[in-house]
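Undergrad: when you get a sec, could you give me coordinates for this:
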Amino acid sequence: MTKLELGPGFPEPQEGLPYRPCVGIMLINPEGRVWIGSRDDGANTSIYEYSWQMPQGGIDKGETPERAARRELYEETSVRSVTLLEEAPEWFAYDYPEDVARSTRKGKYRGQAQRWVAYRFDGREDEIDILTPPDGHTAEFSAWRWEAAARLPELIVPFKRPVYERVVAAFSHLTA
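TA: Here you go, the predicted structure:
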């Protein structure tokens, strides 16, 4: 993926490992509540203390952030009935804690730089299927619910909280 495909403002660290280019999705229902899923620990449950998060994932080579957001949303929730509301005006980045970088990221990235996209959910709730994702994808969530946007930062793992605070602020006019 080139800088040109990522657009302006993608954070480039002065030294060390690069950020992984990713997207985050804020899916908003007609009542202004936000979709969150509980991360699956691999056994269709979650043992994580902070398991709730919005959908997110990597940007594939040649994808725009918005196209990646639609793909990730579909792969993780089966949702396609959405209307694009807006993209956040900038990239939001976080660094992985050392133990996470070492144990799960193979030392390839320092963290993620995410472009966040907000969508309105236009479908029916029975469209949402997290347990049997489409196209053979592995389930990433074991449960889901609609939540007030203001509560999102307290539900996410602490190292991602500053990004969630910025996302909630960027899209606050859409969830009021």
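
Undergrad: how much space separates the residue nearest to the spatial centre of the chain from residue 116?
TA: What sits nearest the mean C-alpha location of the chain, by CA atoms, centre = their mean, is residue 56, with 2.4 Å. To residue 116, residue 56 is 9 Å away according to CB to CB, to the nearest Å. Where you see a C-beta, it was placed from the backbone N, CA and C, and this is true even at glycine.

Undergrad: shared neighbours, those two?
TA: Here residue 56 and residue 116 have 23, 24, 25 as joint contacts, going by CB atoms under 8 Å, 6 or more residues apart in numbering.

Undergrad: the helices in this protein, which residues?
TA: Counting by DSSP state H, the segments of the chain that form helices are 3-6, 65-77, 98-104, 152-155, 161-170, 172-175.

Undergrad: re the thing from before, please produce CSV containing the shared contacts of residue 56 and residue 116, extended by pLDDT, neighbour count and distance to residue 169.
TA: What follows is those, written out as CSV (pLDDT from 0 to 100; neighbours: other CB atoms under 10 Å; distance: CB to CB, whole Å):
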residue, pLDDT, neighbour count, distance to residue 169
23, 98, 26, 18
24, 98, 24, 14
25, 98, 25, 17
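
Undergrad: between those residues, which is closest to residue 71?
TA: The shortest gap between residue 71 and any of the shared contacts of residue 56 and residue 116 belongs to residue 23, at 8.8 Å (CB to CB).

Undergrad: isn't that closest one right up against residue 72?
TA: Yes: in this structure, residue 23 is within contact of residue 72 by CB atoms under 8 Å, at 5.9 Å.
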